[in-house]
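> Need a 3D model of the following:
(chains A and B)
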Protein chains: 2
Amino acid sequence: MTYCLGILVEEGLLLASDSRSNAGFDQIVEVTKLSLLPLAPDRIVAIQSAGNLATTQTVITMLREAFGGGDPALDVKACKTMFEVAQIVGEQLRVAIAHDRAFVTPYGDPGASFLVSGQIAGHPPRLFQIYSAGNFVEATDRAPVLQIGETKYGKPILDRALTSSSSLEEAAKLAMLSFDATIRSNLSVGLPLDVLLYRANSFSGASLVTVRSDDPYWVALRESYSVGLKGLIDSLPPPPQLWRPIDGGSIER
Amino acid sequence: MTYCLGILVEEGLLLASDSRSNAGFDQIVEVTKLSLLPLAPDRIVAIQSAGNLATTQTVITMLREAFGGGDPALDVKACKTMFEVAQIVGEQLRVAIAHDRAFVTPYGDPGASFLVSGQIAGHPPRLFQIYSAGNFVEATDRAPVLQIGETKYGKPILDRALTSSSSLEEAAKLAMLSFDATIRSNLSVGLPLDVLLYRANSFSGASLVTVRSDDPYWVALRESYSVGLKGLIDSLPPPPQLWRPIDGGSIER
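Residues are numbered from 1 along each chain as shown, chains lettered A, B, ... in the order given. A predicted model of the protein is given here:
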């Protein structure tokens, strides 16, 4: 399983992906699910992947190999907008699935999905989610979070606390808590995490970090949150007397 | 959609179910998903339901109509253990699905699942989850929580804070927070909630309450938790300098 998270805030983008791949519980490997396409000074494009690993690797490789080739149907370097980048990823996903579907389906699902994000000079950062069908949706200031893979465990903390006006540092903190919730509840999502804080107009992926289980910030954040949450829960009021069991009562519904 | 939660702690059982039923977003009704079978002084049996409403209502009705009839294959009142009760529910579910499957499948899934819990005098309280196939698993002190329906959003808070030695009041608090997370993230799970705190050896369902959106405890708990959680998140350390974007960097992966 996989969990990839993209957050679009006013200051930029926060991207985070786990790196566990498994074909059954006894074949677990570490893979990179957050790729940066070769950088050009006027653009940065990040792609996060979930689903069939053969399909996602094929799509990423096709995008890399076409980069700078000048073919407007394939070359992300030739795109004028991030919308065009998302279109190319969707089209390449359709090509890859069409090529493999008949052969793969007897063994499993050839489908995949992507988060495509980044910035092209002259435009603000943008964030898209590409479905297996090759179509896509875009994050907005009202819906600044997109997720693929094992999305549910990590959603409540984001729903509660994140808005498009959150700072990048807040977004990073919440993203780590969202991964913590997911990893505690689903063994098939695992460390290390690839995390990128992208500040708008920096056109730099230099702050991409890999967070391992002994990362001091990860350890400190989880511990502080756990202790703080236990204290918070203890401080909440108990249910009222009305809810308490009464011996010898009788009810039928 | 549905969310039903059962928690088995040393002091007894905490059961909670939402009550929204929908066949599409424009046909939303309120249904009862937590049923108490007619009480006998020596036993209490609660059944929580998820899945196809026609199927779950049929099963509950069959159980009610057989209650006290003395047929050992059907009558929950004749059961010597809660394990036998779970077996009867599983068998009746198989009967209901076998009867309807061929007719219902063209329109949707006839499947359903249940949480079956309660106590028979002389034994401790027990809690089972019945699958659509009619087989079942039982909660233990190491795995004291069972959930059916929309289970994921509300799981992290339970994973973090609940154990089988939690008090019933703690279990009730955590159950409400689990529902709060679920309801915020999925519109198709909705109030009111039916909540039962069952204290072991009380053989009483008298404390069954219906929690509506204006319930003072529900309102106060959600508000205190929201405010407290925001404060907790603010108090957590920001990501280290290493993670911060650096202008003009360049990286390729």
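> quick one: the strands in chain A?
Remark: strands assigned in chain A by DSSP state E are A:3-9, A:12-17, A:20-22, A:28-30, A:34-36, A:43-51, A:112-120, A:126-130, A:136-138, A:145-149, A:193-199, A:209-211.
> Pick out the shakiest of those strands, pLDDT-wise.
Sorting these by mean pLDDT places strand A:28-30 lowest, at a mean of 69.
> the bottom helix or strand of chain A by mean pLDDT?
strand A:28-30 (a mean of 69; mean pLDDT, DSSP states H and E).
> So which residues of chain A form helices?
In chain A, the helices defined using DSSP state H lie at A:53-66, A:82-104, A:155-161, A:168-185, A:216-235.
> Just send these back as a markdown table, with mean neighbour count, mean pLDDT and distance to residue B:221 too.
(Glycine included, C-beta is placed from N, CA and C.) Output for the helices of chain A, formatted as a markdown table (neighbours: other C-beta atoms under 10 Å in any protein chain shown; pLDDT from 0 to 100; distance: least, C-beta to C-beta, whole Å):
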| stretch | mean neighbour count | mean pLDDT | distance to residue B:221 |
| --- | --- | --- | --- |
| helix A:53-66 | 18 | 95 | 42 |
| helix A:82-104 | 18 | 97 | 42 |
| helix A:155-161 | 21 | 94 | 14 |
| helix A:168-185 | 23 | 95 | 20 |
| helix A:216-235 | 15 | 95 | 10 |
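> Tabulate those (JSON lines), appending distance to residue A:200.
Formatted as JSON lines, these follow (distance: least, C-beta to C-beta, whole Å):
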{"stretch": "helix A:53-66", "distance to residue A:200": "23"}
{"stretch": "helix A:82-104", "distance to residue A:200": "13"}
{"stretch": "helix A:155-161", "distance to residue A:200": "20"}
{"stretch": "helix A:168-185", "distance to residue A:200": "9"}
{"stretch": "helix A:216-235", "distance to residue A:200": "23"}
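> Just send those back as JSON lines, with distance to chain B too.
As requested, the helices of chain A are arranged in JSON lines below (distance: least, C-beta to the nearest C-beta, whole Å):
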{"stretch": "helix A:53-66", "distance to chain B": "10"}
{"stretch": "helix A:82-104", "distance to chain B": "17"}
{"stretch": "helix A:155-161", "distance to chain B": "4"}
{"stretch": "helix A:168-185", "distance to chain B": "4"}
{"stretch": "helix A:216-235", "distance to chain B": "4"}
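> Could you point out which of these sits nearest residue B:63?
Evaluated with C-beta to C-beta, the helices of chain A place helix A:168-185 nearest to residue B:63, the distance being 32.6 Å.
> so residue A:156 makes contact with residue B:185?
Yes - using C-beta atoms under 8 Å, residue A:156 makes contact with residue B:185 at a distance of 5.5 Å.
> Spell out which residues are contacts of both of the two.
Common neighbours of residue A:156 and residue B:185 (criterion: C-beta atoms under 8 Å, 6 or more residues apart in numbering or on different chains): residue B:153.
> before we move on, back to that, tell me which of the strands of chain A lies nearest to chain B.
Nearest to chain B, of all the strands of chain A, is strand A:193-199, at 3.8 Å by C-beta to the nearest C-beta.
> CA atoms only for that closest one - export them in PDB, please.
Provided in PDB are the C-alpha atoms of strand A:193-199 (Å, rounded to 0.1, in the frame of the first residue of the first chain):
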ATOM      1  CA  LEU A 193       9.100   9.200   4.100                       C
ATOM      2  CA  ASP A 194      10.100  11.600   1.300                       C
ATOM      3  CA  VAL A 195       9.100  15.100   2.200                       C
ATOM      4  CA  LEU A 196       9.400  18.300   0.100                       C
ATOM      5  CA  LEU A 197       8.700  21.800   1.400                       C
ATOM      6  CA  TYR A 198       8.500  23.800  -1.800                       C
ATOM      7  CA  ARG A 199       8.400  27.600  -1.300                       C
END
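> name the helices or strands packed onto it?
strand A:12-17, strand A:34-36, strand A:43-51, strand A:112-120, helix A:168-185, strand A:209-211 (3 or more C-beta pairs under 8 Å, 6 or more residues apart in numbering or on different chains; DSSP states H and E).
> strands paired with it, and their directions?
Applying DSSP bridges, strand A:193-199 is found paired with strand A:12-17 (antiparallel), strand A:209-211 (antiparallel).
> How far away from the center of its chain is that strand?
Here strand A:193-199 is found 11 Å from its chain centre; the criterion is C-alpha atoms, centre = their mean, to the nearest Å.
> List the buried residues for that strand?
A:193-199 (16 or more other C-beta atoms under 10 Å in any protein chain shown).
> All set now, cheers.
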